[in-house]
Structure formats: C-alpha cells, structure tokens
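Chemist: Requesting a structural model of the entry that follows:
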Amino acid sequence: MPKRFYEQTRQERLVYLAEQGLITAAEQELLQKNFPLSDEYANHLIENQVAQVHLPLGLAFNFVIDGRARIVPMATEEPSVIAACSFGAKLIQQAGGFQTKSTERLMIGQIVFNDVGNPAKLLQTLAHEEQAILRVAHESYPSIVKRGGGTQSVQYKKQQMNPQSTSFVTVELLIDVKDAMGANIVNAILEGVGAYLQTKVNEEVLLKILSNYADHSLVTATCKVHTRDLARGIAGEGNKIARRIVAATDYANLDIYRATTHNKGIMNGIDAVVLATGNDFRAIEAGCHAYASRKGTYQALTQWTLNEEAETLIGELTVPMLIAIVGGATSILPQATFTQKISQSESASDLAKMIVAVGLAQNLAALRALVSEGIQKGHMNLQAKTLAATVGATDIEVPKLIAKMKEKPTMNQEVAQLLLQELRMENNQS
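Modeler: As a prediction, this is how the structure comes out:
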C-alpha cells in the first residue's frame, strides 16, 4: 500500500508533486535544496537585514471548492493547523465541498480634511467636483485604467468626535486594482487627486492613504456537513456534536473573550495561506477583525446552523479578502510563484475564495474538537513531533520517541527528555 502524503519524506512529496505535474523538474530540484534567500536578495526586500526567519511550508488536502479539487499551500509554525484544516475539509468534501461567492473587488483610498470649519460647504464643493476627481484619478495611474481597472466611484462623509469638536471631511475613492496588491496604485491616485483638490478648496489635508478595511471586497464560503460524519463511532453522537458547535458559535457572539479565540482559530488557516502566497497577512488580519466588529460588538466571523430534518450542519464565513497574485512580494518571493502554481489560482478572486474556504474548514475542525474530545488531545498528538525535535531526538529516534510519549498520560518537554534518555539506554544495551 503506497504511503499517504503525510507519511512521506519531504523528498518523496516533491517527487509526487512533480509526477502530478504540479511542479517542473527544475522547480523540484530547486525545492530539494531547501534554499533560503540570498543575502543580496534579502537586502533588497527590507532595511538593516541581518538574518532570515524561516517557516515550514506545507500542503492541505481534501478541498473541493466550487466543484474543483484544490491543494492548499500553508506556511505556519503551529503543528496542528494543516492536519486540522485537511480534516475539516474532508468532512465538508463528504457533503459536496465548498461553495463560494465574491462581491466587487475594490480598494478604498481616503483623503481626509482636518479641522473643517464649514463641512456642508466643503461637501457641496466636493460633490460638484466629482467628475473632475474621477478624471484626475484616471490620469494619475493610466496603466490600471488600460487594464480595465481604476477609480470606479467617489463617496464623501463628515465625522466629528462630539458636537463641540471640529469636523473631519473624507473623500473616499473606490478603486479596482485588478489582480495586484494595489497599495502603490491607490496611493499614487490619492496623491494626484489630493493635489488637485488643494487647488479647489482652502482646507488642510491631513491624510492621503489606503484603507485595509476592504468591505468592498467581501468573499463568502459556505458548506454543509453530514452530522453522522461528526461522530466518533458513537450512535447519535453526530447530532449532539452539531448542536454543540452551533451553541459554541452562539456563545462566541455573546462573549468577546471567546469570540477572540474563535476568530483566531479561523485566522490560523487564513494567515497561513496568505503568508505562503506572499500576501500581506497583517492587512488581512486587520480587515477581518474590523469586520467582526461591524455590528458594534466583536463577534464570531462564522455562522453555524443545524438542519435537524436533513441531519446537516451548515456553515458560512464572510470576510474582507483583498488578496493579490501579482505585484509586491507575490512577484518577488520565490515560494510565492511555487504556491500560486500549487494552488492553481487563476485570479486574485480565485485565490481569495480558496483562503476563505480554508478559514471555514479550520473553524469546523477546531469547534468539533473543542465540543467533543477537547482541543488538547489532538493538538498534543501532533505536538509530539515538535517535542521530540526540541529535546534533541535524531531522525531515527523521533518515531520511536513519539510512540513512547503517546503511551503516557501527559506529554511535555520533561517527559520527552526522560523518555529519550530511556530510549538511548535501551539502544546502548541492545
């Protein structure tokens, strides 16, 4: 019987990917070297570079998204993330996979006027200048307009801290950056429009900057799970676990402490794919957490409901997901080219849909573990390999040490160290 992917060595996994046509022979050779960035290359990316930080890059399986099988690249240091994600995707796959949809894909750029004495008059002037604003925006970055993107619309708003304070007036440009990261595009347009407006109004411009709250780039993933698949071999347990998943989500909508950890689990998966593909995980994090607070309190990002009659658990995740496949680190970092190829992402929207599906699978796996056997059991089983490496076990000793650790009621570094000593004494005696 052939070894499953997780049982293979790294070299065997690369051979498998090459045999499947997912990487070329040249890419396989490059990846086998496990190369870091050259110092010269790294120096061009950041300032004051002194070393490099490496994260393992792995693959999650069992994803069927909109009828298409996908392999998901994930970069993370946490042992249980990829296994849990693959497990959650398998439960969903057994009920037909993920369905996704996305809204418009627009970035928001803001020009903020500070200490406005007559906001009504300024808003009137800005509205009168709208066509000119759009013209200047197009002229400020004509290449994106030629590619079918550019500024799509303009909106305005007045804000103040309290009735006695001075007012801010904001011009917001909604910009289609196509498949690019878009920061440079948006900021260049804002500079052009800001300079134009300074010739038309006698007000102080405080800020010209993009927003990472991409609520005009929402992506939704939905799924179904057969309640019987949630069970661990106990009759009727699946329905009970499904009800507990719904209850746990309801509780997260009431309690900010739980909601924070609930959403952190979702971001375990989302961040790992965003990082693997060379995108800005900090921007995605900020936008998702802002979206979780859109109703005035911080709540769970996922929704889970139970259809008792159909014995089906239904999940949904909607988040801002302004992701790129060209520009910035997505075009510079070597692993980004590899991961985009592995994920078979045909567009930025396609990659965004995969990422949101990953977040939903991650949440399902975490909630199922939490409301049944508990998160620690599965996590520590996967943590055993990390513990073995931490105490200095060799490649040959690692599987034997893991087997010994699993026989113990508790698993920690002290236990691992003692068991490694026992193992080495046994080997010396034999």
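Chemist: any idea which helix or strand carries the spatially most central residue of the chain?
Modeler: The structure's the chain has its C-alpha centroid closest to Ile270; by C-alpha atoms, centre = their mean the separation is 2.1 Å. Using DSSP states H and E, Ile270 sits within helix 256-276.
Chemist: Break down the stretch 51-200 of the chain into its helices, ranges please.
Modeler: 81-93, 119-128, 130-140, 142-146, 183-198 (DSSP state H, counting those that start in this stretch).
Chemist: for the next helix or strand after the longest one, which positions count as buried?
Modeler: What it means is helix 183-198. Counting by DSSP H and E, the element after helix 183-198 in chain order, helix or strand, is strand 204-211. By 16 or more other C-beta atoms under 10 Å, the buried positions in strand 204-211 come out as Val205, Lys208, Leu210, Ser211. Yep, even glycine has a C-beta here, placed from its N, CA and C like the rest.
Chemist: and the helices of the stretch 51-200 of the chain, which is most packed in?
Modeler: Among those, helix 81-93 has the highest mean neighbour count (mean count of other C-beta atoms under 10 Å), at a mean of 24.
Chemist: now the angle from that helix to helix 256-276?
Modeler: 100 degrees (axes from the mean of the first three to the mean of the last three C-alpha atoms, to 10 degrees).
Chemist: Show me what helix 81-93 packs onto, helices and strands only.
Modeler: When contacts are defined as 3 or more C-beta pairs under 8 Å, 6 or more residues apart in numbering; DSSP states H and E, helix 81-93 packs onto strand 57-65, strand 68-75, strand 218-226, helix 256-276, helix 348-371.
Chemist: Can you pull the poorly scored residue ranges out of the chain?
Modeler: Scanning the chain for pLDDT under 70 picks out 1, 34-35, 234-235, 374-382, 430.
Chemist: Spatially nearest residue to Glu12, not counting backbone neighbours?
Modeler: Leaving out its chain neighbours, the residue that sits closest to Glu12 by C-beta to C-beta, 6 or more residues apart in numbering is Lys3, at 7.3 Å.
Chemist: Three-state assignment for that neighbour, please.
Modeler: Here Lys3 is recorded as coil under DSSP: H, G, I helix; E, B strand; the rest coil.
Chemist: would a markdown table of the helices of the stretch 51-200 of the chain with distance to Asn162 be doable?
Modeler: Below are the helices of the stretch 51-200 of the chain laid out as a markdown table (distance: least, C-beta to C-beta, whole Å):
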| stretch | distance to Asn162 |
| --- | --- |
| helix 81-93 | 44 |
| helix 119-128 | 14 |
| helix 130-140 | 30 |
| helix 142-146 | 39 |
| helix 183-198 | 27 |
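Chemist: then stretch 202-220 to CSV, C-alphas only?
Modeler: What follows is stretch 202-220, C-alpha atoms only, in CSV (Å, rounded to 0.1, in the frame of the first residue of the first chain):
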residue,chain,number,x,y,z
ASN,A,202,-8.9,76.1,1.1
GLU,A,203,-8.8,73.3,3.6
GLU,A,204,-6.0,71.3,5.3
VAL,A,205,-5.4,67.8,4.0
LEU,A,206,-4.5,65.6,7.0
LEU,A,207,-4.1,62.2,5.4
LYS,A,208,-3.9,60.6,1.9
ILE,A,209,-3.8,56.8,2.5
LEU,A,210,-5.5,53.5,1.5
SER,A,211,-7.7,51.6,4.0
ASN,A,212,-7.2,48.0,4.9
TYR,A,213,-10.8,47.6,5.8
ALA,A,214,-11.8,46.0,2.4
ASP,A,215,-15.6,45.8,2.9
HIS,A,216,-16.0,46.3,-0.8
SER,A,217,-14.1,43.1,-1.4
LEU,A,218,-16.1,40.6,0.6
VAL,A,219,-15.8,36.8,0.0
THR,A,220,-18.2,34.2,1.3
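Chemist: Centre of the chain to that stretch, how far?
Modeler: From the chain centre to the centre of stretch 202-220 is a distance of 21 Å (C-alpha atoms, centre = their mean, to the nearest Å).
Chemist: same deal with stretch 179-198?
Modeler: Remark: stretch 179-198 is offset 26 Å from the chain centroid, using C-alpha atoms, centre = their mean.
Chemist: next SSE after the helix holding Ile270?
Modeler: Once the chain leaves helix 256-276, the next helix or strand it forms, by DSSP H and E, is helix 281-292.
Chemist: Could I get the buried residue list for that next one?
Modeler: Phe281, Ala283, Ile284, Glu285, Ala286, Gly287, Cys288, His289, Ala290, Tyr291, Ala292.
Chemist: got it, and stretch 250-269?
Modeler: Ala252, Asn253, Ala259, His262, Asn263, Gly265, Ile266, Met267, Asn268, Gly269.
Chemist: now the nearest residue to Leu45 once chain neighbours are set aside: how far from Leu351?
Modeler: Sequence neighbours aside, Ile332 is the residue nearest to Leu45 in space, at 6.9 Å (criterion: C-beta to C-beta, 6+ apart). Using C-beta to C-beta, to the nearest Å, Ile332 is found at 17 Å from Leu351.
Chemist: same deal with Gln11?
Modeler: Gln11 sits 28 Å away from Leu351, taking C-beta to C-beta as the criterion.
Chemist: who has more neighbours, those two?
Modeler: The neighbour comparison of Gln11 against Leu351 (other C-beta atoms under 10 Å) goes to Leu351, with 26 against 11.
Chemist: tell me the contacts of that one?
Modeler: Listed by C-beta atoms under 8 Å, 6 or more residues apart in numbering, the contact set of Leu351 reads Thr277, Ile323, Ile325, Gln340, Ser343, Ser345.
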